[in-house]
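Student: let's see this in three dimensions:
(chains A and B)
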Amino acid sequence: MSVIRVENLEKAYGCIRVLSGFNLALDEGAFCALTGPSGCGKTTFLNILGALDRPTAGRVVLDGIDLFTLPEKALYRVRRDKVGFIFQLFHLLPALRAWENVLVPAVPWGLKPVERARSLLALVGLAGKEERRPGQLSGGEQQRVAIARALLLDPPVILADEPTGNLDRESGRKIMELMRKLNQELGKTILIATHDQEVAGGCKTVINMGNGWA
Amino acid sequence: MLVLALKNVLRRKGIAGLALLGVGLGSALIIVLLSLSGGLNRNLDQTVSALAGKLVVSPKDALFGGIFFGSGTPLPPGDLATVRGTAGVQGAYGRVSAALHLPDLPDLLLPLTGYSPEEIRATANTPFAMVVQGHAPANDREIIIGQRLFETLSFIGDKLAVGGTYPFLLPDGDTIDLRVTGVFQTRDEIANTCVAGFISLARLFAAMPSNDYSSLSVSVARPDLVLPVEQAVLGELEGNGPGVQVVAPENLLNPLEASTKAVDRLLLAIALVCALGCTLFISIIMSITVLERMREFAVLKAVGWRGRHVTMLVLTESLFLSLAGTAMGLVLGLSTALMAGHYLKLGTVAPDWPQMARIALLAILVGTVGGLFPARRANRAAPAVIFRQG
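Tutor: Numbers count the residues shown, from 1 in each chain, chains lettered A, B, ... in the order given. Next comes the predicted model:
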C-alpha cells in the first residue's frame, strides 16, 4: 500500500517553476533517495511532503491523508504525527541537553516521555551522552540526536534533507547505517534528499529529479 | 514549556541582564514614588484623625489659627471658663505658644507650646505622655522636641541632643539654659514639628501675664458636634474683650489634602510612564532575541508545534524577564524607600504589601503586553521560507 502518493505536483515561486508534473508513489517501508543537481527542487519537494510548504497545484496523500485539503491550521497534526524531519544543519536547541532536545516535539502537548527519549538516544548510539548539550557533541552525534527527535512521536515517514551534508565521510556512513537500521528494524518509510552519490547508492531506490520532474 | 522558556532566558545572559536592569530600575522608581505617595497620605490621614473633634480658640489677630508662635492678643482666663461651660465641650485647656531662638542661630525659630499641669494630668493626648526617647520634662527648665523637628534638626546638622543643655534667648535679650530631656511623637504631625514644655516656661518666652493664654485647646464630645460647638463658642465669646477665632485644625489641612491629592496624581502619572517605558523596553529586548531565533522557531513548527505554542513560549520568556526584573526592582525600591526614610529623615515613606502585590500584577501586565508584538513575530516564522534562506 502506498504510504506516499504524489500526483501532478507543481510548485512555482512567482514565475519560477521549481516542480512541474511531479508524480511519485512509495510503499510502506520504502528506503528511497531523491537525487538531482542543486536547485532541482529536492528540498522544495520534501518541504511540501512534510507539510511545511503548499504546492501550487497537485495532490499529496500521506499515510491516507490528502494533505492540502486540510486547512493551514490543521497541518501541524501532519508534522507532529505523520512525519519526522531531519535537517542538514541538525537544528538542535543549544540551551537544551540531548535528551531534552529529543523531547521538543512533545513539549507543547504536555507529554514528557523521558524514558522513550533516553531509549531512542541509546538506539542511535548515544547511550551515556544524554546530558550533553549540542555544543559538547560532534556533528555526527548532533545528527543522531536530531534523528532521535524525529522518531520521538513514532511517525511512519522520515524525511531527511541532506542529512550527511554537514558531516565528514565517516560520520556520513554511520548516519546512513543508522538510517538503514531504522528502515529495517522499525519499518520506517524513509526519503532522503541528497546530491551525494554514495548516500544515494546506500538506499533501496533512487529517484533522479531533473529540473522538477522525476 | 516553562522549563524551555527559562532555559532560553538564561542562555542569553547579556540580553536578560539588560532587560532585568531596565525593568528593575523602572520598578524601583515606581515603588519609591508610590511609597512616597503612600507615606504622605498616611501621615495626612493620621494627622486629620488626630485632630478630629478638636477646636482651637485663639485671638482673631493670631497667625496660623494661634497654633504657632503665640502671635496675637492673649486670651484672658475668663474665656477658658466660658468655653468649658459651653454645651458639647468635653474638655478645654489653655496653652501658650512662643518662639525659641538660639543665640548662635538667630534665624532658626523653634515653635514652643506650653502645656498646663492640669492638661498634662487630665489627658493622655499631650506630648508629655508620648515620649519615645528620653523622658518628659519634670520642671520648667526642661523641654522635649517633636520627632519631625528632631529629625529635621539632625538632618541639617543643628542637633539638639537629648540630655544636652542649651541657652535660649529671652525677649529682654537675656538667655536661659534649657535641658532637652527627650523626643516625643504624637499622631498629630503638626505637633511633632514643635517643642513642648510647661506653660510657665512658654509664658517666659512669650512675655505673657500669668493667667493669659495664646490659645485654648477644646475637645468636642462627638466629631459631628464640631460645627455647633464652634458656633456656640463664637457666640459666647463675642464682645468679650479681644475678638476670637475658632478653628477646627483639621480644616487647616484641607488645602494640604488637595495638594497631596495633586501630588498623588503626579506621582501616579510618573509611575505609569515608568511602566510604559518598561513595557517598551521588554518589547524591544524580546524583538531582538526573536529576530535572532527565527530559525529556531521554524524548527519548532517543523517538528509539530503550532503557531500559538511558539507565541506562548515567547510570552512566557517575556513574563519571566518582567517578573525577575520586578523582583529585583522590589528589593531595590523597598530598600531605597526605607533608607530614604531613615537616613534622609523623610519619615513619610511607607511601602505596604497590598501595593507590592499591585506592582507584581503590573509586572505581569508589562511582561505580557511587552511580549505581544515579538510573540506575534515569532508566530509568523515560516519554516519553508526560513530554511530556503539558508
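Student: contacts, neighbours, all on C-alpha from now
Tutor: OK.
Student: give me the number of residues near whichever residue of chain A sits closest to chain B?
Tutor: When distances are taken as CA to the nearest CA, chain A reaches nearest to chain B at residue A:80, 4.0 Å away. If you count neighbours by other CA atoms under 10 Å in any protein chain shown, residue A:80 ends up with 24.
Student: now do the contacts for it.
Tutor: A:105, A:153, A:155, B:303, B:304, B:305 (CA atoms under 8 Å, 6 or more residues apart in numbering or on different chains).
Student: domains of chain B: list them as residue ranges, please.
Tutor: B:2-47+B:256-389, B:54-247 (automatic domain parsing).
Student: need the per-residue pLDDT for the residue positioned nearest the centre of chain A.
Tutor: Among the residues of chain A, the one closest to the centroid is residue A:159, at 2.0 Å (CA atoms, centre = their mean). Predicted confidence (pLDDT) for residue A:159: 94.
Student: which strands or helices does the helix or strand where it lies pack on?
Tutor: Taking DSSP states H and E as the definition, one finds residue A:159 inside strand A:157-161. Under the contact definition 3 or more CA pairs under 8 Å, 6 or more residues apart in numbering or on different chains; DSSP states H and E, strand A:157-161 sits against helix A:42-49, strand A:83-86, strand A:189-193.
Student: could you rerun that using 10 Å?
Tutor: Here strand A:157-161 touches strand A:31-35, helix A:42-49, strand A:83-86, helix A:139-151, helix A:169-186, strand A:189-193, going by 3 or more CA pairs under 10 Å, 6 or more residues apart in numbering or on different chains; DSSP states H and E.
Student: okay, and the beta partners of residue B:167?
Tutor: Beta-bridge partners for residue B:167, by DSSP bridges, are residue B:177.
Student: torsion angles phi and psi at residue A:54?
Tutor: phi -110, psi 140 (degrees, to the nearest 10).
Student: which residues does it contact?
Tutor: A:10, A:11, A:44, A:45, A:47, A:48, A:60, A:67, A:68, A:72, B:384 (CA atoms under 10 Å, 6 or more residues apart in numbering or on different chains).
Student: if we can go back for a sec, could you export the domains of chain B as a markdown table, including mean neighbour count and mean pLDDT?
Tutor: Converted to a markdown table, the domains of chain B look like this (neighbours: other CA atoms under 10 Å in any protein chain shown; pLDDT from 0 to 100):
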| stretch | mean neighbour count | mean pLDDT |
| --- | --- | --- |
| domain B:2-47+B:256-389 | 20 | 83 |
| domain B:54-247 | 19 | 86 |
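Student: tabulate those domains (CSV), appending distance to residue A:89.
Tutor: Listed next are these as CSV, based on distance: least, CA to CA, whole Å:
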stretch, distance to residue A:89
domain B:2-47+B:256-389, 10
domain B:54-247, 67
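Student: per-residue pLDDT, the residue lying closest to residue A:12 once chain neighbours are set aside?
Tutor: Excluding its sequence neighbours, the residue lying closest to residue A:12 (CA to CA, 6 or more residues apart in numbering or on different chains) is residue A:18, at 5.5 Å. With respect to pLDDT, residue A:18 has a value of 83.
Student: so which elements touch the helix or strand harbouring residue A:18?
Tutor: Using DSSP H and E, residue A:18 falls within strand A:16-27. Applying 3+ CA pairs under 10 Å, 6+ apart, one finds that strand A:16-27 contacts strand A:2-13, helix A:42-49, strand A:57-62, strand A:189-193.
Student: relative to residue B:81, which of these is closest?
Tutor: Among those, helix A:42-49 comes nearest to residue B:81, with 101.5 Å by CA to CA.
Student: and that closest one, average pLDDT?
Tutor: Here the average pLDDT along helix A:42-49 is 91.
Student: could you dump it to CSV, C-alpha only?
Tutor: This file holds the C-alpha atoms of helix A:42-49, laid out as CSV (Å, rounded to 0.1, in the frame of the first residue of the first chain):
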residue,chain,number,x,y,z
LYS,A,42,14.6,18.3,-3.8
THR,A,43,14.2,20.4,-0.7
THR,A,44,11.0,22.0,-2.0
PHE,A,45,9.5,18.6,-2.6
LEU,A,46,10.5,17.4,0.9
ASN,A,47,9.0,20.6,2.4
ILE,A,48,5.7,20.0,0.6
LEU,A,49,5.7,16.4,1.7
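Student: now check that helix, is it near chain B?
Tutor: Yes - judged by CA under 10 Å from any CA of the partner chain, helix A:42-49 comes into contact with chain B at A:43, A:44, A:46, A:47, A:48.
Student: chain B: strands as residue ranges?
Tutor: B:54-59, B:89-102, B:105-115, B:131-134, B:142-146, B:165-169, B:175-184, B:195-198, B:215-220, B:244-247 (DSSP state E).
Student: would you turn those into TSV with distance to residue B:28?
Tutor: Formatted as TSV, the strands of chain B follow (distance: least, CA to CA, whole Å):
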stretch	distance to residue B:28
strand B:54-59	40
strand B:89-102	41
strand B:105-115	36
strand B:131-134	32
strand B:142-146	31
strand B:165-169	43
strand B:175-184	33
strand B:195-198	36
strand B:215-220	43
strand B:244-247	41
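Student: related to what we said a few turns ago, PyMOL command for the buried members of the contacts of residue A:54?
Tutor: Provided next is the PyMOL selection string for whichever of these are buried by 16 or more other CA atoms under 10 Å in any protein chain shown:
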select buried, (chain A and resi 10+11+44+45+47+48+60+67+68) or (chain B and resi 384)
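Student: and which of the contacts of residue A:54 is nearest residue A:91?
Tutor: residue B:384 (14.0 Å).
Student: ok, that closest one touching residue A:48?
Tutor: Yes - using CA atoms under 10 Å, residue B:384 is in contact with residue A:48, at 8.7 Å.
Student: mind listing what residue B:261 touches?
Tutor: Residue B:261 makes contact with B:37, B:40, B:41, B:255, B:267, according to CA under 10 Å, 6+ apart.
Student: how much space separates it from residue B:40?
Tutor: 10 Å (CA to CA, to the nearest Å).
Student: tell me the two of the contacts of residue A:80 that are most distant?
Tutor: A:155 and B:305 (14.9 Å).
Student: tell me the phi and psi of the residue in chain B positioned nearest to chain A?
Tutor: Nearest residue of chain B to chain A (CA to the nearest CA) works out as residue B:304 at 4.0 Å. Main-chain torsions, residue B:304, degrees, to the nearest 10: phi 110, psi 0.
Student: residue A:87 too?
Tutor: Note on residue A:87: backbone dihedrals following degrees, to the nearest 10 are phi -110, psi 160.
Student: check residue A:92 too.
Tutor: Torsion angles, degrees, to the nearest 10, at residue A:92: phi -80, psi 160.
Student: do the one 4 residues further on as well
Tutor: Residue A:96 has phi and psi values of phi -100, psi 150 when expressed as degrees, to the nearest 10.
Student: out of the domains of chain B, nearest to residue A:93?
Tutor: The nearest among the domains of chain B, by CA to CA, is domain B:2-47+B:256-389 at 7.1 Å.
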